[in-house]
Structures are given as structure tokens and as C-alpha cells.
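Colleague: only geometry, no sequence info:
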Ligand SMILES: [Zn+2]
């Protein structure tokens with residue numbers, strides 16, 4: 001690689017992380033019970049981020065703080081972020097790499113790549129954006145102004161669905177949960193500007209304050225767009241959103257696969273929500289007969305929404321739609337709009353002090369809209385074939401460990417165990433990047449026309465999604481882009497996805513010792529596989545069909561085991577007055593626990609009976625648990641933590657580390673934990689799943 005500006009930046013990020021295990025320790029000492037060996041005889045790298053550790057904290061009291069304490073103490077969340085941690089640091093690296101690729105994409109031979117470069121350039125062309133003012137929005141605003149009837153309003157909702165502008169109806173294409181070889185059109189609740197319905201109804205002063213500032217933000221955006229009487233309009237919009245919020249389902253209910261599976265014919269949808277002109281809505285969205293299977297996730301919400309369409313004055317709906325359009329477009333308009341959008345959505349909602357640099361937002365935009373063009377380029381440059389091979393081996397060992405565990409489980413009945421093994425064998429493991437890359441041939445990207453490029457790219461994607469409705473499910477299609485720093489399990493395709501972006505140091509380092517990689521990436525892979533068998537996964541079979549294949553007794557025994565986790569996580573209070581929701585976070589906590597247990601078994605198996613060497617004073621088991629704790633390195637601002645507690649199924653990082661590791665007997669052996677230590681859980685209270 002040439003020594004460009006961006007490669008210097010990578011070095012800067014790497015230095016911040018103290019990537020290599022030989023970094024000077026900030027006083028972290030090996031825990032009691034291990035004796036050091038001469039380092040020269042051993043693999044050079046443990047993978048452990050030594051400089052991040054805190055020698056004043058004992059692993060037995062706080063594994064998370066022990067592994068990450070110096071970093072937590074010394075590294076502040078950058079002002080342009082609401083959270084910071086190992087994944088955001090890796091994302092920064094990935095963005096630097098993507099920028100380098102996109103800046104040179106103009107001369108690429110591949111037409112898709114050139115187009116991605118043009119989209120990026122149109123985002124970076126601030127002079128043109130400033131000069132254009134509101135011109136790119138004029139046509140859309142006119143459409144709203146010309147609404148005369150509620151049928152007109154329905155058509156605008158459909159039009160916005162095509163452009164990806166949020167409205168109270170979210171519409172998307174996904175496999176039919178009970179017939180997973182075929183796609184269905186899903187209709188779901190949506191359309192709120194605040195993170196969750198609770199923000200509208202909760203009487204706590206913190207939420208009341210957010211609501212007041214939201215009303216101000218609505219008024220400001222409308223005023224900037226030349227609207228009159230904006231105070232009244234803002235009050236109207238907030239009142240309408242509050243009414244919508246009140247008829248929405250709670251986060252726990254809307255994650256229930258059975259309750260949210262409600263197939264309806266077009267006639268049934270019309271009868272359910274008669275005040276919406278569905279013919280006009282679907283036509284403007286770009287859907288044509290033959291009608292696909294349609295699934296309404298929250299039927300009573302759609303009915304209530306139709307009532308709101310009838311009872312709320314059309315003028316208020318127009319105010320609401322105008323604000324939704326402005327709010328959605330602000331990030332692609334002149335600087336004043338970008339700042340106002342940031343000030344509320346990041347500043348107020350997440351406490352983030354400063355907007356991130358423009359090029360970072362530009363790379364993120366290209367990743368969102370044309371991610372398979374920029375992703376192809378990224379993989380060619382940054383994901384060597386050797387990385388893929390080592391990960392394939394790691395995954396194979398994890399799957400073997402799962403298979404052995406399932407065979408010997410005492411709490412699943414024998415027929416269920418047999419089906420679990422079948423499902424395990426059918427898991428589609430996707431590593432790095434898709435086999436086939438998407439073509440953006442029909443998409444028009446024009447230079448200096450950012451907002452319309454965004455709308456065209458979204459409409460291109462909407463049309464691509466609808467076109468899928470007539471064919472069988474494409475099992476090779478990826479959910480995430482290759483540079484994404486994340487991993488996922490999809491129950492409807494029974495697949496796990498590990499993009500190239502997450503298979504990078506420090507989470508995964510092909511050059512370092514296995515123990516760390518198993519505790520870090522191994523546990524993550526185990527986590528994703530576990531989703532195939534948790535309280536949601538057990539409701540989908542190996543082909544992805546929503547079909548409960550457990551007996552009632554299996555569910556009872558599983559429930560009894562996991563009830564302890566609900567009660568345990570309910571007690572955590574990351575922000576004073578705000579408790580973790582043990583029920584909401586249960587599937588993720590189960591996945592963390594199962595993933596860690598299986599990863600440890602797979603790690604032991606990888607040793608083939610040999611004793612793991614002590615490196616830098618740490619035994620293999622210790623390096624494994626430090627790897628686990630360091631894979632969660634991270635912190636959040638309080639406002640984001642609260643939003644997370646309210647709506648995100650993942651518990652905060654510290655609880656995911658300490659609350660989970662304490663259930664493993666191997667943790668008590670790795671670090672001699674005594675009953676007086678803070679992490680101690682009596683053996684009878686520990687939960688073993690696999
Ligand atoms: Zn998960």
C-alpha cells in the first residue's frame with residue numbers, strides 16, 4: 001500500500017488501541033495462580049491489549065474493568081460520537097480505508113465502483129449543496145402542499161415508502177416466516193421521531209425535557225424551510241406523534257415472532273384499515289399485482305392508524321409529512337440543516353457534542369446506499385484469503401463443539417435434540433462477503449445532485465426489493481455490507497453472517513495466539529449460532545420456517561433455566577433510576593452465555609489435549625476470558641445508554657461481560673474466584689445451557 005494520508009491515519013488508530021500484546025503494560029499484573037515462562041519460547045502475540053488493562057482491578061471482582069479499566073479511565077468518547085469502543089475504533093479504520101478507495105474510484109474500470117465514487121463526490125461537494133438550498137426538495141414539498149383528500153395523503157405515504165422517507169407504515173420484503181422459500185411483504189408500525197413509544201408517554205422529567213426540545217427542533221426545521229406559525233405546527237406534530245406512539249406495540253411484543261405473524265389479503269387489509277387508500281398507497285410505492293403474501297405485524301396498530309387518518313385534520317397530517325420529509329433530508333441539505341438535524345438527533349438524544357467529519361458521513365452513506373460496490377473494492381484490498389481460511393476453521397470447531405454439546409444435553413428431549421442437530425447442520429455460514437455482487441446498472445447518479453441521488457438510490461433499492469417478491473428466496477443475498485463491523489444470525493434463512501469488517505484486528509487477529517481469538521471472535525460466532533436455539537430461534541426450524549419444534553417440556557425446562565438470567569439482568573442499573581430489562585435482553589444474554597460456553601469447549605478441543613502455554617504471564621484460560629472481556633471494550637453517553645435500555649435487546653457491555661462469565665465454572669478455574677469476590681455466583685445458581 002502506498003504511504004497515503006489515510007495509511008498514516010490507520011497507524012494513529014492502531015497506536016491508540018495499543019494493538020500488539022507486547023505493548024507496555026499499565027501495571028496489569030498476572031492474576032494469582034500462574035507462573036511466567038520465558039517469552040522467547042512462545043508465540044510472540046497474545047492478542048491481548050495490555051495497555052487497556054487495569055492492574056488495580058481484580059478479574060474476580062470485575063472482569064470487564066480488569067481487562068479494559070485503563071482504557072475506560074483514560075480514553076474519552078470522541079466529541080463526534082455517542083459511544084466508543086472496539087467496534088467503533090474498527091469502524092474508524094474501515095472508514096479510512098473506504099475513503100481511500102472512494103477517492104480513487106473515479107478512474108475505476110468497474111462501472112458500479114465509478115458510480116459509488118460519484119455518489120461520494122456528490123456528498124463532498126459542499127459548495128454545490130450550499131448553493132442549491134432547498135431546491136432539491138421543492139418538488140416533494142409541492143406534493144405535500146397539494147394534498148386535498150385523505151386519499152391524496154395515502155398516496156404520499158406510498159410515494160415516501162418508495163423514497164425511503166419514514167412514515168407511520170414501514171413496508172419491507174423478507175422471507176415469509178411460515179413459508180421461507182418465498183418472500184412476503186411485511187407491514188409494520190413506524191413513523192416516530194423519538195427512539196421509542198416510551199419517550200412520548202413516560203412522565204419522568206428527563207423524557208418531558210426531551211419532548212420539549214423535540215418540539216423546538218420541529219419548529220426550527222419548519223421555520224428554516226420557510227414555514228409560518230411554526231410553534232403551533234410543532235405542537236400539532238408532537239401531538240400526532242404522541243397519538244401514534246400510544247397505539248404502537250411495546251418493544252417486547254414487537255419482537256414476538258408469532259404475535260407479529262398476521263397474513264392478510266389485500267381485501268382484509270382494506271377492511272382492517274379502511275381510512276387508508278391502499279390501492280393508491282401501493283401504486284405510489286411501486287407495487288403492482290399480482291399481490292404477494294402480505295403480513296401485518298401489528299394489525300390493531302394499522303386499524304388505530306386508519307382511525308387517526310380519519311379523525312386528525314388533514315392540515316395536521318400535512319404538517320407531520322412536511323416535517324418527516326425535512327427531518328429525513330436534512331443531512332443532505334445545506335450546512336444549517338445538517339447542524340440542526342445533528343443538534344437534536346445526536347446532541348439531545350445521544351449527548352454527542354460534535355458532528356463527525358464530512359468524509360466519514362460520506363463513506364457511511366455510500367456503504368448504506370451502494371455498499372456492494374464499495375464493499376467489493378474493500379474486500380479485494382483488505383480481506384486476504386488466509387483470513388477466510390482461518391475463520392472457516394474456527395467456525396468448524398465451534399459447530400463441532402455445538403454438535404457434541406447438543407448430543408449430551410440433559411434438558412432437551414431426545415427427539416428435540418435430533419432436530420437441533422439437523423438445524424445445526426443446515427446453518428448457512430457466510431464469511432467475509434457474498435459470492436455474487438449486486439449490480440447497480442439501472443441506478444442513475446448525477447454529479448452535484450446529492451439529495452436526489454439519495455432518493456434515486458433508495459428508490460432503486462425499493463424496486464429491487466419488490467422485484468424479489470415474484471421469485472424464490474435468494475439464499476446467497478447478504479444482509480450486511482462487507483466492511484460492516486458486526487455479525488448476525490437470521491432465523492428466516494438459518495444463516496450466520498460475518499462480514500470482512502468484523503474479522504479484523506483487534507477483535508480477530510490471524511497472527512495472534514488462539515486463546516484470545518476463541519474468547520473474542522469465537523464467542524461472537526458462538527453467540528450468533530446460539531440464536532438458532534434460543535427462545536426465538538427455537539420457534540424457527542432448520543429451513544427458516546416459523547414452526548415450534550420444541551416440546552412443551554423442553555420450553556418449560558429452558559424457561560426455568562433462563563428465568564435466573566431475567567432476574568439477574570433486571571437488577572443491573574447502568575444509569576441511576578434506569579434498570580436493564582431482563583426480559584427484553586434475554587435472547588442476547590442467552591446468546592452471550594451459550595456463545596462463551598461453546599467457544600471455551602471449542603478452544604479446549606483446539607488444544608488436542610496439550611497444555612496451553614503461559615504467555616506474558618497469562619494461562620490460556622485467562623487469555624480466553626480476557627479476550628472475551630476485551631471484545632466488549634466500550635462506553636456510551638448516558639442519554640444513549642437510556643435509549644439502549646429502552647429499546648435495544650443488548651445489555652450494556654459491562655453487564656454482558658461480568659453477568660455472563662460468572663456463570664462458567666471454567667472462569668472460576670481460570671481466576672481463582674472465592675465466595676467473597678464480587679463476581680462470585682454460587683454453583684447451584686449458575687446457568688449452564690450447552
Ligand atoms: Zn445477538
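Modeller: In hand now; what should we look at? What you see is a predicted model; the values in this text were computed from it and never measured.
Colleague: run a quick neighbour tally on the closest residue to the ion within the stretch 251-400 of the chain.
Modeller: Of all residues in the stretch 251-400 of the chain, residue 255 sits closest to the ion, at 12.0 Å by CB to the ion. Where you see a C-beta, it was placed from the backbone N, CA and C, and this is true even at glycine. Here the count is done by other CB atoms under 10 Å, and residue 255 has 14 residues near it.
Colleague: tell me the confidence at it?
Modeller: Note for residue 255: predicted pLDDT of 86.
Colleague: cool, and residue 385?
Modeller: pLDDT recorded at residue 385 is 83.
Colleague: what's the burial count for it?
Modeller: Residue 385 has 7 neighbours, counted by other CB under 10 Å.
Colleague: so how far is residue 433 from it?
Modeller: 12 Å (CB to CB, to the nearest Å).
Colleague: check which helix or strand covers the closest residue to residue 449 other than its chain neighbours.
Modeller: Take residue 449 and drop its neighbours on the chain: the residue closest to it by CB to CB, 6 or more residues apart in numbering is residue 122, 6.2 Å away. Applying DSSP states H and E as the criterion places residue 122 in helix 111-124.
Colleague: show me what the next helix or strand after that helix is packed against.
Modeller: From helix 111-124 onward toward the C-terminus, using DSSP H and E, the following helix or strand is helix 126-132. If you count contacts as 3 or more CB pairs under 8 Å, 6 or more residues apart in numbering; DSSP states H and E, helix 126-132 packs onto helix 335-342.
Colleague: residues contacting the residue nearest to residue 533 when sequence neighbours are not counted?
Modeller: Nearest residue to residue 533 in three dimensions, chain neighbours excluded: residue 420, at 6.3 Å (CB to CB, 6+ apart). By CB atoms under 8 Å, 6 or more residues apart in numbering, residue 420 lies in contact with 406, 412, 533.
Colleague: mark which of those are part of helices, please.
Modeller: Among these, the members found in helices (DSSP state H) are residue 406.
Colleague: ok, and the most crowded of the contacts of residue 420?
Modeller: Neighbour counts for these (other CB under 10 Å) peak at residue 533, which has 23 neighbours.
Colleague: the helices in the stretch 251-400 of the chain, which residues?
Modeller: 266-272, 278-285, 299-311, 314-329, 335-342, 349-350, 358-382, 385-407 (DSSP state H, counting those that start in this stretch).
Colleague: got CSV for those helices, with distance to residue 195 too?
Modeller: Formatted as CSV, the helices of the stretch 251-400 of the chain follow (distance: least, CB to CB, whole Å):
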stretch, distance to residue 195
helix 266-272, 27
helix 278-285, 26
helix 299-311, 18
helix 314-329, 14
helix 335-342, 15
helix 349-350, 7
helix 358-382, 19
helix 385-407, 34
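Colleague: re earlier: which of the contacts of residue 420 sits closest to residue 226?
Modeller: Of all the contacts of residue 420, residue 533 has the smallest distance to residue 226: 55.6 Å, by CB to CB.
Colleague: pLDDT value on that closest one, please?
Modeller: In this model, residue 533 is scored at 89, pLDDT.
Colleague: separation between it and residue 131?
Modeller: Counting by CB to CB, the gap from residue 533 to residue 131 is 56 Å.
Colleague: do residue 527 as well
Modeller: Taking CB to CB, one finds residue 527 at 49 Å from residue 131.
Colleague: ok, these two, which is more surrounded?
Modeller: Comparing residue 527 with residue 131 by other CB under 10 Å, the one with more neighbours is residue 527, at 24 against 11.
Colleague: show me the contacts for that one.
Modeller: Counting by CB under 8 Å, 6+ apart, residue 527 touches 487, 591-592, 594-596.
Colleague: and what of residue 104?
Modeller: residue 117.
Colleague: okay, it: pLDDT?
Modeller: Residue 104 is given a pLDDT of 93.
Colleague: over to the one 4 residues further on?
Modeller: With respect to pLDDT, residue 108 has a value of 86.
Colleague: what do you get for residue 515?
Modeller: With respect to pLDDT, residue 515 has a value of 95.
Colleague: for the residue lying closest to it once chain neighbours are set aside, helix, strand, or coil?
Modeller: The shortest distance from residue 515 to any non-neighbouring residue, by CB to CB, 6+ apart, is to residue 623 (3.8 Å). With DSSP: H, G, I helix; E, B strand; the rest coil as the basis, residue 623 sits in helix.
Colleague: so what's residue 623 up against?
Modeller: By CB under 8 Å, 6+ apart, the contact set of residue 623 is 46-48, 513, 515-516, 519, 615.
Colleague: go through these and name the one nearest residue 147.
Modeller: When those are ranked by distance to residue 147 (CB to CB), residue 519 comes first, at 57.0 Å.
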